[in-house]
Structure formats: C-alpha cells, structure tokens
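Student: need a structure here:
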Amino acid sequence: MYSKRLIFKTSTNDEVYYLKDSIFIKFNHKRNCISNSVLNGGIQDNLEFVFNHHLSQENINYLENHDLRDYLVKLCKDFKFNPQKASGLVTLALMKNLSIVSKRYKQLEVTAITTAGVRVNAVCAGDDAGFYEENGEFKPGTINTILLINSKLDDNVLAEAFMVASEAKSVALNNLKIPSQFSNNFATGTGTDGLIIASDIESRNIITNAGKHSKLGEVIAKSIIESIHVAIKKQVWITPRSQSNVLVLLNRYKLDINQFYDGLNQDKHDFISRLKIDSKIPENIAITSSILNLIDDVKKGIIKKEVACDLSNELLTYCKDNTVNILLSFWIKKFLD
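Tutor: All right, here's what the predicted structure looks like:
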C-alpha cells in the first residue's frame with residue numbers, strides 16, 4: 001500500500017495529494033469535468049478522482065507494446081481508485097516540479113496544477129507532423145494541467161474554458177519565446193499536452209461565460225500562464241533571463257553552426273569564448289531579437305525581403321561587438337539575401 005501526502009487543499013476542500021510518482025485530486029463533492037484523457041475523457045459528471053502520473057523509462061518501454069488506457073486502469077486499482085470514476089494524464093515531467101497557482105476574483109477561485117517540460121517535444125500547431133497514428137500508438141504528455149474551478153459551469157461553458165486554457169498555454173510559451181523543435185516557429189504547445197478541467201456542480205455561483213472577455217476567462221488564463229511559467233522553470237530551468245541570450249534566440253532557426261565556423265577567418269575557440277560573453281549584452285540581445293522579427297515577418301509575407309534586409313543591415317551598425325556582428329551577418333545573408 002502506497003502512502004499519500006497532502007500538499008494542497010482548495011477553498012472547497014478538494015484535496016491534492018502526492019502518491020508515488022503521481023499527484024491526485026480527491027473531489028470533496030460532485031464535479032463535472034472535461035478532459036482529453038484516454039481514461040474517461042470528454043465530458044463526465046461522475047468522477048471522484050483526477051490525477052497526473054510521471055512515467056518512468058521502464059513504464060514508457062512497457063507502453064510501447066501495451067494499451068495506455070489499460071495501464072491507467074491498473075494504476076487506479078493499485079491506488080485503490082475506482083477506474084470508472086477516475087481520469088488521469090501521464091507525463092515525463094517529475095511530480096516534484098509541479099506548480100500550483102490559485103487566483104481569485106470575488107467568489108470565483110481557479111486553481112491550476114501543472115507539470116511541464118518543453119525541451120524535446122515543443123511544437124507549433126501546423127508544423128509538419130512527425131507521425132501518423134496507427135493502432136493507438138502511445139505518446140507521453142509533456143505540459144499537463146488540472147484546472148479546478150469552484151463555480152458551476154454547464155458543459156458548453158466547460159468546453160469554452162478548455163479552449164481558453166489551451167490558448168493561455170500558447171501565450172505562456174510565447175512569453176518565454178519557446179522554439180518549436182520541428183520548425184523555425186515559436187511553440188504553441190507540445191505534441192502531447194493534457195488538460196483536465198473540473199467545475200463544481202453544487203456551487204450556487206453559476207457562470208455562463210468563460211470567454212476571453214469574461215472574468216472567468218481572464219482568471220483561467222492568468223492561472224494557466226503563471227503555473228506553466230513556474231513549472232517550466234522548475235523542470236527545465238527556462239526563464240526570461242535564460243532566454244535573454246543571442247545564441248538562445250538564434251537557436252530557433254536551427255542552422256548548422258559548422259557552416260558558419262567553416263567560413264570564419266578567426267581562431268574558432270577564441271571566437272566562441274568572446275561570443276559567449278557578447279551574447280549576454282542587452283544591446284546585442286535587442287538587435288538580435290529585432291532582426292529575427294524581421295526574418296519572421298518576411299516568412300509570413302508581411303514585409304518584403306529587400307526591406308527587411310536593408311533594415312537588418314542598418315541595425316547591425318549599432319552592434320559594436322565583432323563576434324555578434326559577424327554571426328548576425330551570417331544569419332542575414334542566409335535568410336534575407
């Protein structure tokens with residue numbers, strides 16, 4: 001029998017526990033939920049437990065040849081949950097790195113419980129797909145959030161909340177300039193994100209709108225954004241400060257850096273040593289960000305290439321550090337000449 005540890009309790013006495021590589025929420029009373037879980041996903045009104053489970057490498061190997069839903073059912077039984085009244089997500093992120101963020105507005109309270117990792121699986125919606133699912137192939141989740149709302153939402157409002165929460169996730173990643181691992185775009189999520197939203201059916205506070213003009217939509221979005229930022233920092237140490245680096249910003253374009261070094265007329269090791277220092281200078285970061293924005297807008301058809309090229313070269317005149325100037329010149333030639 002596994003021992004559980006209470007780590008959080010909401011204002012409606014829903015209890016959040018840590019239990020052997022998992023966190024689970026035991027509902028204090030009746031809830032209606034929406035999720036993309038393979039176990040009792042969609043819209044449900046009879047769930048008693050929801051959870052987020054960390055997969056070990058051993059379990060990942062096991063799931064390559066077994067059904068994920070069967071695995072979750074077995075997990076529920078191991079934890080003494082009724083599998084018919086539980087829903088859960090799985091992830092590679094560690095439960096010790098979860099974040100819990102609660103926000104209130106008058107009677108409304110929203111709690112976001114998130115685990116997140118974005119180094120391997122970050123992707124932009126519309127990127128070329130990496131696989132075509134056959135026979136229910138398993139892919140583990142990366143950004144998983146359980147969202148608890150202390151007010152009553154009808155099913156259509158739950159669906160609207162799900163949409164707003166998904167958009168907020170994209171905002172959180174965009175704020176950190178998280179790159180897609182599959183294109184030059186910014187990531188809007190990962191390829192395997194999970195979300196469970198639960199509202200309080202018994203609440204007297206009935207909310208009929210979760211859109212972005214509503215206070216519920218605002219509180220959902222702010223809770224999601226903050227919880228994802230905290231979880232990403234804890235799991236992979238990505239923060240606004242860590243992203244403030246010329247080399248980090250340029251990495252989104254995934255050029256073969258050896259092409260650059262092959263044409264370099266300087267000692268490579270000396271150049272790299274100086275570049276590591278120069279890449280952290282605020283002015284160089286600002287110039288790099290501006291040039292990359294111009295490259296992005298050319299790709300989108302907003303700005304003509306020749307205009308972007310002229311402006312980028314003009315920006316380079318403000319770059320006083322030779323290493324960054326040479327590197328950005330290579331980028332401009334590659335994408336704008």
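
Student: quick check: residue 329 vs residue 16, distance?
Tutor: 52 Å (Cβ to Cβ, to the nearest Å). For glycine as for every other residue, the C-beta is placed from the backbone atoms N, C-alpha and C.

Student: neighbour-wise, which of these two wins?
Tutor: residue 16 (21 against 15; other Cβ atoms under 10 Å).

Student: how about residue 46, secondary structure?
Tutor: The assignment at residue 46 comes out as coil when based on DSSP: H, G, I helix; E, B strand; the rest coil.

Student: give the contact list for it.
Tutor: 84, 85 (Cβ atoms under 8 Å, 6 or more residues apart in numbering).

Student: what do you get for residue 51?
Tutor: By Cβ under 8 Å, 6+ apart, the contact list for residue 51 reads 22, 23, 24, 25, 79, 81, 86, 87, 88, 89.

Student: mind checking pLDDT for the closest residue to the first one other than its chain neighbours?
Tutor: Ranked by Cβ to Cβ, 6 or more residues apart in numbering and with sequence neighbours excluded, the top spatial neighbour of residue 22 is residue 53, at 4.4 Å. Looking at residue 53, its pLDDT reads 95.

Student: one more: residue 2?
Tutor: Residue 2 is given a pLDDT of 67.

Student: ditto for residue 38
Tutor: Residue 38 is given a pLDDT of 95.

Student: so how far is residue 65 from it?
Tutor: 16 Å.

Student: which of the two has more residues huddled nearby?
Tutor: Taking other Cβ under 10 Å, residue 38 and residue 65 do not tie; residue 38 has more neighbours (19 against 7).

Student: mind listing the helices for the stretch 101-250 of the chain?
Tutor: 155-175, 215-236, 240-243, 246-250 (DSSP state H, counting those that start in this stretch).

Student: need the ones you listed in TSV (columns: mean pLDDT).
Tutor: TSV is the format used below for the helices of the stretch 101-250 of the chain (pLDDT from 0 to 100):
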stretch	mean pLDDT
helix 155-175	97
helix 215-236	97
helix 240-243	95
helix 246-250	94
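
Student: just the ones you listed: most buried one?
Tutor: helix 215-236 (a mean of 22; mean count of other Cβ atoms under 10 Å).

Student: hmm, back to that, residue 95: which of the helices of the stretch 101-250 of the chain is closest?
Tutor: helix 215-236 (10.4 Å; Cβ to Cβ).

Student: for the closest one, list the C-alpha coordinates in CSV.
Tutor: Provided in CSV are the C-alpha atoms of helix 215-236 (Å, rounded to 0.1, in the frame of the first residue of the first chain):
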residue,chain,number,x,y,z
LYS,A,215,-13.6,37.4,-15.6
LEU,A,216,-13.6,33.6,-15.6
GLY,A,217,-11.7,33.5,-18.9
GLU,A,218,-9.2,36.1,-17.5
VAL,A,219,-8.6,34.2,-14.3
ILE,A,220,-8.3,30.9,-16.1
ALA,A,221,-5.7,32.3,-18.5
LYS,A,222,-3.7,34.0,-15.8
SER,A,223,-3.7,30.9,-13.6
ILE,A,224,-2.6,28.7,-16.6
ILE,A,225,0.1,31.2,-17.7
GLU,A,226,1.7,31.6,-14.3
SER,A,227,1.5,27.8,-13.5
ILE,A,228,3.2,26.9,-16.8
HIS,A,229,5.9,29.5,-16.3
VAL,A,230,6.7,28.2,-12.8
ALA,A,231,6.6,24.5,-13.9
ILE,A,232,8.9,25.1,-16.9
LYS,A,233,11.3,26.9,-14.6
LYS,A,234,11.4,24.0,-12.2
GLN,A,235,11.5,21.3,-14.8
VAL,A,236,13.9,22.7,-17.4
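
Student: got the angle for it vs helix 155-175?
Tutor: Compare the direction of helix 215-236 with that of helix 155-175 by axes from the mean of the first three to the mean of the last three Cα atoms, to 10 degrees and you get 40 degrees.

Student: helices or strands up against the one helix or strand residue 311 maps to?
Tutor: For residue 311, the host element (DSSP states H and E) is helix 305-316. When contacts are defined as 3 or more Cβ pairs under 8 Å, 6 or more residues apart in numbering; DSSP states H and E, helix 305-316 sits against helix 282-300, helix 322-336.

Student: between the contacts of residue 51, which is closest to residue 119?
Tutor: residue 89 (19.1 Å).

Student: check contacts around the closest one.
Tutor: 35, 37, 51, 52, 53, 141, 144, 146, 194, 195, 196.

Student: if we go to 7 Å?
Tutor: 37, 52, 141, 144, 194, 196 (Cβ atoms under 7 Å, 6 or more residues apart in numbering).

Student: and the residues you listed, which of them are in strands?
Tutor: The strands, defined by DSSP state E, take in 52, 144, 194, 196 from the contacts of residue 89.

Student: confidence score at the second one?
Tutor: Read it as residue 144. pLDDT, read off for residue 144, is 96.

Student: lovely, talk soon.
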